[in-house]
Each structure stands twice: as structure tokens, then as C-alpha cells.
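Asks: Prediction below, plus the sequence it came from.
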Amino acid sequence: MNSTKNILKISYPIILTLVAQNVINVTDTAFLGRVSEVALGASAIAGVFYFAIYMIGFGFSQGAQILIGRRNGEENFTQIGPIFNNSLLFNGFFALLLFTASILGMPHLMKLLVSSDQIYIAAMEYLDWRIYGYFFVFLNVVFRSFYVGITDTRILTTSAFITAITNIILDYVLIFGKLGFPEMKIAGAAIASVIAEAASLGYLVFHTLIYTDIKKYGLFTSLRIDVKTVGQILKLSIFIMFQFFISISTWFLFFIFIERMGERPLAVTNIGRSMYILLMIPASALSTTAGALVSNLIGAGQKDEVMKTLNKIIRISLICVAPLLIFTFIFPELFAHIYTDDHSLILASIPVIRVVSIAVVFFAVANVIINGVSGTGSTKTAFYMELVTLFFYISYIYYTTIINPQPVAVVWLSELVYYTLIGGLGYRFLQKGNWRENKI
């Protein structure tokens with residue numbers, strides 16, 4: 001289970017999935033960079049706001065994934081269905097709840113936080129359409145948790161490419177007004193993403209019904225929520241949900257603080273964000289694999305293999321990201337040109353891209369560790385680690401943007417602060433913690 005071949009076998013489809021998903025990110029940023037700097041900056045703030053809400057649903061699915069992985073490791077397959085079914089129902093209801101809350105509270109929150117009227121108007125134009133994606137993406141992540149939990153991740157690749165192709169075509173058509181459609185600019189990017197997420201969900205449902213052994217796992221056997229099962233999932237996922245939401249909300253504050261420095265720093269930061277997420281792909285996939293394998297290993301009674309497996313995944317992660325980081329560090333202007341033709345904006349982006357390149361090394365190590373902590377079922381501990389780390393992270397950002405304003409690249413060094421702290425705390429816990437006694 002923990003051989004290099006098996007790690008790569010599980011990770012490879014997830015890498016392809018993340019590549020496809022990030023084609024969306026790069027396409028949106030590149031197209032909007034050619035609309036205006038305001039659209040580019042607004043999409044950063046609006047996109048991270050949407051992502052923060054999405055991470056609540058994703059956090060719940062991670063609790064389900066841990067349980068599914070544990071039952072899969074135990075070969076207790078019939079217990080996987082109730083986890084999956086109740087996760088679908090719960091996340092569907094949660095999507096409706098968060099959609100309603102966004103409709104009512106989002107305009108007031110954005111008005112309070114965003115200082116530029118132009119950025120505010122553009123961000124709301126995006127979010128007014130984008131929040132419809134909750135209904136699709138909250139269900140998508142449940143299917144993802146099932147397939148990752150049973151370590152059959154191949155379907156995720158096709159699903160992601162459907163999402164990417166749909167989004168790219170519709171981005172071009174709706175942002176720039178092609179094929180008879182009106183030129184919708186930033187709103188067009190939001191609509192394209194929502195339709196792409198709907199297409200992905202349609203494929204996941206179709207594939208699961210036609211090609212997955214539904215009887216083996218007990219999928220779709222009940223349309224009624226079982227409070228006991230949901231409670232069991234929430235016991236694990238509630239801290240992941242808080243952890244992810246607080247973490248991304250803090251990143252949202254990062255963009256809000258940058259926005260107060262001006263429209264140019266915000267545009268530069270969005271280019272940096274897009275590059276950052278792109279460079280994270282191999283390490284993100286391996287981190288997901290780490291969490292799934294840890295859960296499966298513990299379920300199979302192989303707790304002594306956990307640290308060996310995590311160390312192996314860290315080494316693989318560093319080997320995978322190193323060539324990309326060296327290339328982006330040496331030739332940052334080539335990548336900046338993907339997002340804009342403005343020479344001055346390209347020059348302003350180069351220091352940020354170089355910092356991002358370095359930060360991904362820290363991410364490649366720390367994210368495997370923290371996913372390993374969650375995979376043991378110690379989600380409460382992972383949450384507390386997040387809180388401690390975010391205190392120092394926010395303090396650094398606030399000091400370098402508000403108290404003693406620094407160049408954008410210096411502000412981005414906050415990522416090194418974050419991953420050094422959380423990685424160190426997580427590794428110490430895995431070596432000396434009491435996770436071996438956890439029963440879920």
C-alpha cells in the first residue's frame with residue numbers, strides 16, 4: 001500500500017485533476033488580466049471569498065474521506081455507503097444554507113472590507129453569479145472523498161478535464177462576447193465556472209451509477225439523513241471545516257490588506273496567487289494521497305508504517321516540485337506574460353513569482369505532514385495547530401501591509417512563516433503524539 005509505485009498510482013490521477021482545475025484558474029486570470037487591472041484584482045478577492053465558503057463543504061467531505069478510508073482499510077465496504085449517502089444529503093443542505101447567507105450578507109461584508117469602489121463593484125458582479133456554484137461543488141467534493149477514500153482516483157481525472165474544457169470554452173465566449181453572446185467580462189468568468197462545475201457533477205453521477213459497484217459499497221440506498229452517521233462524520237470534520245475556513249478566510253484578509261495598498265499590488269498578488277496554486281499541484285496531490293494512505297494504513301492495523309510512508313511522500317513531493325520551481329525562479333517573466341501584456345505589470349510581478357517559487361518548497365513538506373495528522377483522525381489537534389500558526393501569519397501580514405508597508409514580495413514571505421510553523425508542529429505531533437490510540 002505504501003510503496004512508491006502505489007503512492008504515485010494514487011497521486012497521478014489527482015495531479016491530472018489539479019492540472020485541469022488549475023487550467024481554469026490560469027485561464028480566468030489570464031483572460032481577466034486582458035480585460036483590466038480592476039477585473040484582475042477583483043477576481044482575486046471574489047475568488048478567495050468563494051473559495052473560503054467552498055472549503056467549509058470540502059472540510060466536511062474530508063471527514064467523510066477519513067472514515068471511508070478507514071472502512072476501506074478494514075474491508076468493511078458496506079459501511080462506506082451510509083457515510084457517502086449522508087454526506088451528499090448534508091452537503092446539499094449546507095450549500096443551500098450558505099447560498100442564502102451569501103445572498104443576504106455578502107454585499108455588506110464586501111462593502112465593509114473593500115476600500116476601492118471599482119474593485120467592490122467588479123467583485124460583486126462576479127460573486128452574484130459565482131455563488132450558484134455552491135450547489136454543484138458541494139456535491140462534487142463528496143464524490144471526490146469517496147473515490148480518494150477507496151484509493152480509486154482515476155475517475156477524478158476525467159471529471160476535472162470536463163470541468164476545464166467547459167470552463168475554457170465558456171470563458172472565451174462569455175468574457176469577450178464571442179459566438180453571438182454579449183461581452184460579460186468578469187461576470188462571464190463566474191458563469192463559465194458555475195456551468196463547468198455543473199458539468200463535472202453530471203459526469204460524476206453518471207459514472208458512479210453506470211460503472212461503480214453500487215451494491216458493494218451501499219451507495220444511494222437512502223434519501224434520509226441518519227443523525228448518528230452525520231454526527232460521526234461531523235466529529236471528525238467539524239475541526240477540519242473550521243480549520244479550512246479560518247485558513248482561507250485569513251488568506252482572504254491577506255488580499256484585503258493588499259487591496260489597501262492599491263490596485264497594482266492587488267493585480268500583482270493575483271498573478272502570484274495563480275502561479276502559486278499552479279506550482280502547488282504535485283505537492284497538493286501527494287498531500288491528498290498522504291491523508292488517504294494514513295487512514296487506510298491505520299484501518300489495516302499498520303500504524304508503524306505511517307511515519308515511513310509520510311517521509312517517503314515528502315521526498316517524492318520535493319523531487320516532483322523541484323524542476324518547476326527552478327524554472328519559474330530563473331524565468332519568472334515568461335510566466336508573468338501568461339497573465340498580462342502590460343510590461344510594467346510583468347516587471348512588478350517578477351519578485352512575487354520568485355518568492356512563490358521558494359514558498360512551494362515549504363508547502364511541499366508541510367502540507368503532507370498536516371494531511372497526515374488529519375489522516376490519523378486527530379482533526380482537533382490539526383485545528384489547534386492552525387490557530388497557533390495563523391496568529392503569527394496574520395501578525396506578519398498586518399505588520400508588512402498596514403503598520404510598516406513593504407513591497408508585495410516581502411508580504412508574500414508570510415507563506416514561509418505559515419508553512420514553517422504548521423509543518424514543525426505537525427511533525428512533532430506525529431512523532432510524539434497519542435494518535436495511535438484514536439478510534440473512529
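Replies: The structure has been received and is ready for your questions.

Asks: next helix or strand past the strand or helix carrying Leu204?
Replies: Assigned by DSSP states H and E, Leu204 falls within helix 186-211. Where DSSP H and E defines the elements, the next helix or strand beyond helix 186-211 is helix 214-217.

Asks: Report all helices and strands that that next one contacts.
Replies: The contact analysis (3 or more C-beta pairs under 8 Å, 6 or more residues apart in numbering; DSSP states H and E) places helix 214-217 against helix 80-113. Every C-beta, even on glycine, is put in place using the N, C-alpha and C of the backbone.

Asks: Distance from the helix it packs on to the middle of the chain?
Replies: Centroid displacement of helix 80-113 relative to its chain, using C-alpha atoms, centre = their mean, to the nearest Å, is 16 Å.

Asks: Tell me the buried residues in the helix holding Leu204?
Replies: For helix 186-211, a neighbour-count test (16 or more other C-beta atoms under 10 Å) marks 186-201, 203-204, 207-208 as buried.

Asks: And for stretch 374-383?
Replies: By neighbour count with 16+ other C-beta under 10 Å, stretch 374-383 contains the buried residues 374-379, 381-383.

Asks: which ones are touching Trp435?
Replies: By C-beta atoms under 8 Å, 6 or more residues apart in numbering, the contact set of Trp435 is 373, 376-378, 381, 429.

Asks: Can you flag which of those belong to strands?
Replies: Using DSSP state E, no member of those falls within strands.

Asks: where does the protein have low pLDDT?
Replies: Where the chain drops to pLDDT under 70, the residues are 1-2, 20-22, 25, 438-440.

Asks: hey, which helix is longest across it?
Replies: Ranked by residue count under DSSP state H, the longest helix found in the chain is helix 37-74.

Asks: and the angle for it with helix 80-113?
Replies: Here helix 37-74 runs at an angle of 160 degrees relative to helix 80-113 (axes from the mean of the first three to the mean of the last three C-alpha atoms, to 10 degrees).

Asks: tell me the secondary structure for the residue lying farthest from the centre of the chain?
Replies: What lies farthest from the middle of the chain is Gly180; by C-alpha atoms, centre = their mean that is 34.1 Å. State at Gly180, reduced to three classes by DSSP: H, G, I helix; E, B strand; the rest coil: coil.

Asks: Tell me which residues touch it, please.
Replies: Taking C-beta under 8 Å, 6+ apart as the definition, Gly180 has no contacts.

Asks: you'd agree Gly218 is up against Thr78?
Replies: Yes: counting by C-beta atoms under 8 Å, Thr78 is a contact partner of Gly218 at 5.0 Å.

Asks: neighbour-wise, which of those two wins?
Replies: Gly218 (17 against 12; other C-beta atoms under 10 Å).

Asks: if you skip the residues just before and after it, what's nearest to that one?
Replies: Gly81 (2.5 Å; C-beta to C-beta, 6 or more residues apart in numbering).

Asks: What of Ala409?
Replies: Counting by C-beta to C-beta, 6+ apart, the residue nearest Ala409 is Pro351, at 3.6 Å.

Asks: Val23 too?
Replies: Ala164 (4.3 Å).

Asks: ok, now Ala359?
Replies: Glu415 (3.9 Å).

Asks: hmm, back to that, would you check which pair of the contacts of Trp435 lies furthest apart?
Replies: Within the contacts of Trp435, two members stand farthest from each other by C-beta to C-beta: Gly377 and Phe429, at 12.5 Å.

Asks: one step back: so which helix or strand takes in the residue nearest to Val23?
Replies: For Ala164, the element it lies in under DSSP H and E is helix 154-176.

Asks: Could you name the helices and strands sitting against that helix?
Replies: Checking 3+ C-beta pairs under 8 Å, 6+ apart, helix 154-176 ends up next to helix 4-33, helix 134-149, helix 186-211.

Asks: Tally up the residues packed near Arg436, please.
Replies: By the criterion of other C-beta under 10 Å, Arg436 has 10 neighbours.

Asks: ok, it - contacts?
Replies: Lys303.

Asks: Now do the buried residues in stretch 212-225.
Replies: By neighbour count on 16+ other C-beta under 10 Å, the buried set for stretch 212-225 is 212, 217-219.

Asks: which residues touch it?
Replies: Contact with stretch 212-225 is made by 77-82, 84-86, 89-90, 146, 150, 208-209, as judged by C-beta under 8 Å, 6+ apart.

Asks: same thing but at 7 Å, please
Replies: For stretch 212-225, the surrounding residues in contact (C-beta atoms under 7 Å, 6 or more residues apart in numbering) are 77-78, 80-82, 84-86, 89-90, 208.

Asks: hmm, back to that, for Val352, see how far away the residue nearest to Ala359 is.
Replies: Applying C-beta to C-beta, to the nearest Å, the value for Glu415 to Val352 is 11 Å.

Asks: Over to Arg154?
Replies: Taking C-beta to C-beta, one finds Arg154 at 36 Å from Val352.

Asks: Please apply the same query to Ile369.
Replies: Ile369 sits 26 Å away from Val352, going by C-beta to C-beta.

Asks: for Phe252, same thing?
Replies: From Phe252 to Val352 the distance is 18 Å (C-beta to C-beta).

Asks: These two - which one has more neighbours?
Replies: Neighbours per residue, other C-beta under 10 Å: of Phe252 and Val352, the larger number sits with Val352, 26 against 20.

Asks: wait, Phe244 sits on Phe60?
Replies: No: using C-beta atoms under 7 Å, Phe244 is not in contact with Phe60; the gap is 9.6 Å.

Asks: neighbour-wise, which of these two wins?
Replies: Taking neighbours as other C-beta under 10 Å, Phe244 and Phe60 compare with Phe60 leading, 27 against 23.
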